[in-house]
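S.K.: 3D model of this:
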Amino acid sequence: MKTAPLHSKTLNSRTAVIVFLSFVFGYFLSYALRSVNATIAPLLAQDLGLSAAELGWLSSAYFLSFASMQWLVGSWLDKHGARRTESALLATAAIGAFIVAISASLWGLSLGRILIGAGVSACLMAPYAYFRRCFAPDRQAQLAMWMLIGGTSGALASTQPTLLLAEAIGWRNVFLITSVLLALAAFTIFKNVPDIDIDHIKAQNDVANAQATVNPQHPAEKFVIPPKMNLLAVLRHPNMMRVIPTTLTMSGGFIALQSLWVGPWMTDVLGMTPNETGIRLFYFNLALISAYVIMSVVSPKLIRAGYTLGLQSKFGFFWMLASMVGILVWRDQHAWWLWVVMSAGIPAIILLQTQTGMLFPRAVAGRVLTTFNLVMFTGAFLLQWGIGLAVDLFMFYGQSRDQSLWLALLVLLCLQVMSVIWFLRTPEPVAEA
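M.R.: Coordinates of the predicted model:
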């Protein structure tokens, strides 16, 4: 079945750069807020007297609300476009950051984190959907990597720089500043991003509806006409079912580690101070940015050489598994380098989302990409909180804190191995459009 042609309106080079930078600003803040708890976890635990499970909950509350918003975000992106959807949600995130800054209880902080998670839930999917509709297919992987470079810069900023700032002015004032920046990002996107993506949606829907009138029983129509594209249909589609386990455990697992548990691993298992951990986390995220930069150049060349995004992701899976084994085996202060090694394979794993989005028509790009995100951040929520619960459980049965965290990551590794086996044993994906 043929998809609708591109709408006649296009972005000129200057506008395209402004649009990209506006999206990157929001995603930079989103990623910083996602990762900041890994850096300030000792300050939060000391200030509020949090247990491992409570700390895991406070951080994972972000992912819970983030994941629960994904299908709504996808529908809004397909109906209202990226500009209106993301600017409204970023304003919500600004309110959440303000609540975190003024709250004195775990429940107040949780409410703020939940609003932040909901508010930044479109910060990557809005640009991805916009790019899918308004930019050429051969630019998708490169644009995705550039967005991740901007986002990981936020994770980099949330490490040692944020720790130093929090120690100087207090972590509450850090969130007050962030609230202002989120409001500014909402205004920037609302002002600078044109509604060309909506024009593309309307053009493709017109063609799809015309084809449905001629052949209403066509099996592909349910994946083209947005009203018939429900969440269950996307989740049950073979192209999505193949990637669900690895998305939960590999992508979601990495997010759970990067945004929280790599910090406690370095302090509790490797015996580092919070300041030493902040420095190492800075290096870790700097290495991740470097990996995204390299992948933005290498990935298009690999595709031209016949190495698909799916093959690149397989390489990423095995790289992460090998890194996890090394992290579990080597447990002295020098072993923090293994987290840097792991970062080299992460961009290839993340590209699986871009590949999945390109297997479906442009008109439903919002819902397909956010369904993938729903699965990924559901995995991040379950694993981030689950690791905290597992640590407390192993400690209850007499294990030390560092050994309990080691056992929890061993369980994660076993889940990751099983998910990769599923991925390798299922059929290769088939494009619908």
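S.K.: pull out the buried residues from whichever strand or helix holds Asp78.
M.R.: In this structure, Asp78 sits in helix 70-80 according to DSSP states H and E. Within helix 70-80, the residues that count as buried by 16 or more other Cβ atoms under 10 Å are 70-78, 80. C-betas here are computed from N, CA, C, even on glycine.
S.K.: go through stretch 95-112 and flag the buried ones.
M.R.: 96-101, 103, 106, 109-112.
S.K.: which of the residues you listed fall within helices?
M.R.: Judged by DSSP state H, helices contain the following of these: 96-101, 106, 109-112.
S.K.: just those now: which is nearest Val293?
M.R.: Checking those against Val293 with Cβ to Cβ, the nearest one is Ala97 at 28.7 Å.
S.K.: how many other residues sit next to the residue nearest to that closest one when sequence neighbours are not counted?
M.R.: Nearest non-adjacent residue to Ala97, counting by Cβ to Cβ, 6 or more residues apart in numbering: Ser179, 3.8 Å away. When neighbours are defined as other Cβ atoms under 10 Å, Ser179 has 22 of them.
S.K.: so Ser179 is in contact with Phe98, correct?
M.R.: Yes - when contacts are counted by Cβ atoms under 8 Å, Ser179 is listed as touching Phe98 (4.3 Å).
S.K.: lowest average confidence, helix or strand, in the protein?
M.R.: helix 196-214 (a mean of 64; mean pLDDT, DSSP states H and E).
S.K.: so how far is Arg132 from Ala97?
M.R.: Here Ala97 is placed at a distance of 29 Å from Arg132 (Cβ to Cβ, to the nearest Å).
S.K.: hmm, back to that, who touches the helix or strand where the residue nearest to Ala97 lies?
M.R.: When elements are assigned from DSSP H and E, Ser179 belongs to helix 171-192. Helix 171-192 is contacted by residues 18-19, 22-23, 25-26, 29, 32-33, 36, 40, 43-44, 47, 82-84, 86-91, 93-95, 97-98, 100-102, 112, 119-120, 162, 165-166 when judged by Cβ atoms under 8 Å, 6 or more residues apart in numbering.
S.K.: now swap in stretch 309-327 and tell me
M.R.: 141, 246, 250, 254, 265, 299, 302-303, 335, 338-339, 341-342, 344-352, 354-355, 409, 412-413, 416-417, 420, 423-424, 428-429.
S.K.: got it, and stretch 144-154?
M.R.: In contact with stretch 144-154 (Cβ under 8 Å, 6+ apart) are residues 20, 23-25, 27-35, 123-124, 127-128, 131, 285, 288-289, 292-293, 295-296, 299, 347, 350-351, 353-354.
S.K.: likewise stretch 374-394?
M.R.: 51-57, 59-60, 63-64, 66-67, 70-71, 235, 240, 243-244, 247-249, 251-253, 255-256, 259-261, 353, 401, 403-405, 407-409, 411-412.
S.K.: hmm, back to that, which ones among the contacts of helix 171-192 lie within strands?
M.R.: Assigned to strands by DSSP state E, none of the contacts of helix 171-192 qualify.
S.K.: give the ranges of residues in the stretch 151-300 of the chain that sit below the confidence cut-off.
M.R.: For the stretch 151-300 of the chain, the stretches flagged by pLDDT under 70 are 200-229.
S.K.: quick one: the helices in it, in order.
M.R.: 160-169, 171-192, 196-214, 231-236, 238-241, 244-246, 252-256, 262-264, 274-304 (DSSP state H, counting those that start in this stretch).
S.K.: for Arg14, find the nearest of those helices.
M.R.: Closest among the helices of the stretch 151-300 of the chain, using Cβ to Cβ: helix 171-192, at 11.0 Å.
S.K.: that closest one vs helix 160-169, what angle?
M.R.: Orientation check (axes from the mean of the first three to the mean of the last three Cα atoms, to 10 degrees): helix 171-192 against helix 160-169 gives 120 degrees.
S.K.: for helix 171-192, buried residues please.
M.R.: 171, 174-175, 178-179, 181-183, 185-186, 188-190.
S.K.: may I have it as CSV, with CA atoms only?
M.R.: Extracted C-alpha coordinates of helix 171-192, given in CSV (Å, rounded to 0.1, in the frame of the first residue of the first chain):
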residue,chain,number,x,y,z
TRP,A,171,18.9,21.1,45.8
ARG,A,172,15.6,22.9,46.3
ASN,A,173,16.9,26.1,44.6
VAL,A,174,18.2,23.9,41.8
PHE,A,175,14.6,22.8,41.1
LEU,A,176,13.4,26.4,41.3
ILE,A,177,15.8,27.4,38.6
THR,A,178,14.8,24.3,36.6
SER,A,179,11.1,25.4,36.9
VAL,A,180,11.9,28.7,35.2
LEU,A,181,13.9,27.0,32.4
LEU,A,182,11.0,24.6,31.7
ALA,A,183,8.6,27.5,31.3
LEU,A,184,11.1,29.1,28.9
ALA,A,185,11.4,25.9,26.9
ALA,A,186,7.6,25.7,26.6
PHE,A,187,7.4,29.3,25.3
THR,A,188,10.3,28.7,22.9
ILE,A,189,8.7,25.6,21.2
PHE,A,190,5.3,27.3,21.0
LYS,A,191,6.8,30.3,19.3
ASN,A,192,9.3,28.7,16.9
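S.K.: now do it: distance to the chain's middle.
M.R.: Helix 171-192 has its C-alpha centroid displaced from the chain centroid by 19 Å (Cα atoms, centre = their mean, to the nearest Å).
S.K.: could you do stretch 81-98 as well?
M.R.: The answer for stretch 81-98 is 17 Å, by Cα atoms, centre = their mean.
S.K.: repeat for stretch 119-131
M.R.: Between the mean C-alpha location of stretch 119-131 and the chain-wide mean there is a distance of 10 Å, by Cα atoms, centre = their mean.
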